[in-house]
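In: I would like to see how this sequence folds:
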Amino acid sequence: MKKMMFLLAAMVVALSASAQQVEAFPSYIEVTGVAEKEVAPNEIFLSITINERDSKGKISIDEQQREMLAALKKLGVKADEQLKMVDLTSSYFKRGNALAKAQYELKLGSAAEVAKVWRALDGLGISQVTVQKVSHSDLEKFKAETRSEAIRAARDNARALAEAIDQKAGKCFWIADYSSPVRTVYTVANMKARGITEDAIAFEESVEEEGLEFQTINLQHRVQAKFVLE
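Out: This is a model prediction of the structure:
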């Protein structure tokens, strides 16, 4: 008899604990919200390399740099703000002479600016110009906006699903926040600039006539959320 009473008492405790657990963890709905935003870049970073080897050592790095700065100034580029030296090296060859190479980073704001700079540098014999990266001055703000849009999308999804079964989505009690790597989408103009598939004059004309732009920055954010079902 004592054994049976002990078992009944254990069952009562178990049922009570189960009821408390149900009360603590009510019925809920779990949903995913996704938001995506494409941003046109206003910061385009060019990598420019000046190499004495290109002129077989006849034109020094200093002279090439002066010519480059003069050309950029004519185009309205503020070299003291937009241009910086990244690296300066020398390579020694069989004859024992040293040929220097300098690498710079130039920040511009549009495809049209890139085309004009490329043409000017190409005219100086500086052909090692590539697009290093693109960005936007308000990129962090756009990321925050995309994150907010994702959780609002999750909330709307929860409401729609709950209404389909004649219920309501209540308070959100759990959120998992995921961010995707920033992706870029290349356009024709950007591919030409990176690959240098045509001469500088043709590229500049194509940008002016067709209004081509550089790659857009693709921001994507995903969240998972749990809402109480009422």
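
In: Could you check how far the closest residue to residue 220 other than its chain neighbours is from residue 120?
Out: Once flanking residues are discounted, residue 220 sits nearest to residue 180: 4.2 Å by CB to CB, 6 or more residues apart in numbering. (Each C-beta comes from the backbone N, C-alpha and C, glycine too.) Separation of residue 180 from residue 120 (CB to CB, to the nearest Å): 38 Å.

In: Looking at these two, which is more packed in?
Out: residue 120 (20 against 13; other CB atoms under 10 Å).

In: How about the contacts made by the more buried one?
Out: For residue 120, the contacting residues are 71-72, 74-75, by CB atoms under 8 Å, 6 or more residues apart in numbering.

In: Between those residues, identify the one with the most neighbours.
Out: residue 72 (20 neighbours).

In: so that one makes contact with residue 113?
Out: No: contact criterion CB atoms under 8 Å: residue 72 and residue 113 do not qualify, at 10.5 Å.

In: before we move on, back to that, now the residue nearest to residue 220. Its backbone dihedrals?
Out: phi -90, psi 150 (degrees, to the nearest 10).

In: Let me see the mean pLDDT of whichever helix in the chain runs longest.
Out: Ranked by number of residues, the top helix in the chain under DSSP state H is helix 139-164. Mean pLDDT, computed over helix 139-164, is 96.

In: Note down every partner strand of the helix or strand just after that helix and its orientation.
Out: Downstream of helix 139-164, the first helix or strand assigned by DSSP states H and E is strand 169-179. For strand 169-179, the pairing partners within the sheet under DSSP bridges are strand 216-229 (antiparallel).

In: buried stuff in the strand it pairs with?
Out: Buried residues in strand 216-229, counted by 16 or more other CB atoms under 10 Å: 216-217, 219-229.

In: contact partners of stretch 70-79?
Out: Applying CB under 8 Å, 6+ apart, the set of residues contacting stretch 70-79 is 69, 83, 106, 108, 113, 116-117, 120-121, 123-124.
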